[in-house]
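Engineer: What follows is a protein structure lacking sequence information:
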């Protein structure tokens, strides 16, 4: 059974097999568009940012 997925960039159907060297993308162009979006920080993995972490002066040592 062949698995078909949508290209994340253009949503064209892509066969998930050795025949599709750029999978899950349909072509190198779509792969590079996605890479550029990551580099431009248009895509992000959710998580804490450095601003969420306490800074050295923010910790109250008097309660220890």
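Structural biologist: Perfect, thanks for sending it. It should be emphasised that the depicted structure is a prediction, and the values quoted were computed from it without experimental measurement.
Engineer: contacts, neighbours, all on C-alpha from now
Structural biologist: Noted.
Engineer: Going along the chain, name the strands of the chain.
Structural biologist: 4-6, 13-15 (DSSP state E).
Engineer: Of all those, which one comes closest to residue 43?
Structural biologist: In terms of Cα to Cα, the element of the strands of the chain nearest to residue 43 is strand 4-6, at 17.9 Å.
Engineer: returning to that earlier point: most packed of the strands of the chain?
Structural biologist: Highest mean neighbour count among these (mean count of other Cα atoms under 10 Å): strand 13-15, with a mean of 18.
Engineer: what mean pLDDT would you report for stretch 16-36?
Structural biologist: Across stretch 16-36, pLDDT averages out at 95.
Engineer: how distant is that stretch from the center of its chain?
Structural biologist: Here the centre of stretch 16-36 is set off from its chain's centre by 14 Å, with Cα atoms, centre = their mean, to the nearest Å.
Engineer: quick one: the helices in the protein?
Structural biologist: For the chain, the helices defined by DSSP state H occupy 28-39.
Engineer: related to what we said a few turns ago, the strands of the chain: which one's closest to residue 49?
Structural biologist: That would be strand 4-6 among the strands of the chain, by Cα to Cα, at 31.0 Å.
Engineer: Show me what the closest one is in contact with.
Structural biologist: Identification of contacts with strand 4-6 by Cα atoms under 8 Å, 6 or more residues apart in numbering yields 12, 13, 14, 15, 16, 24, 25.
Engineer: what do you get for stretch 30-49?
Structural biologist: 7, 9, 10, 22, 25.
Engineer: So which bits of that stretch are buried?
Structural biologist: 30, 31, 34 (16 or more other Cα atoms under 10 Å).
Engineer: Could you do stretch 12-32 as well?
Structural biologist: By 16+ other Cα under 10 Å, the buried positions in stretch 12-32 come out as 14, 15, 16, 22, 23, 24, 25, 26, 27, 30, 31.
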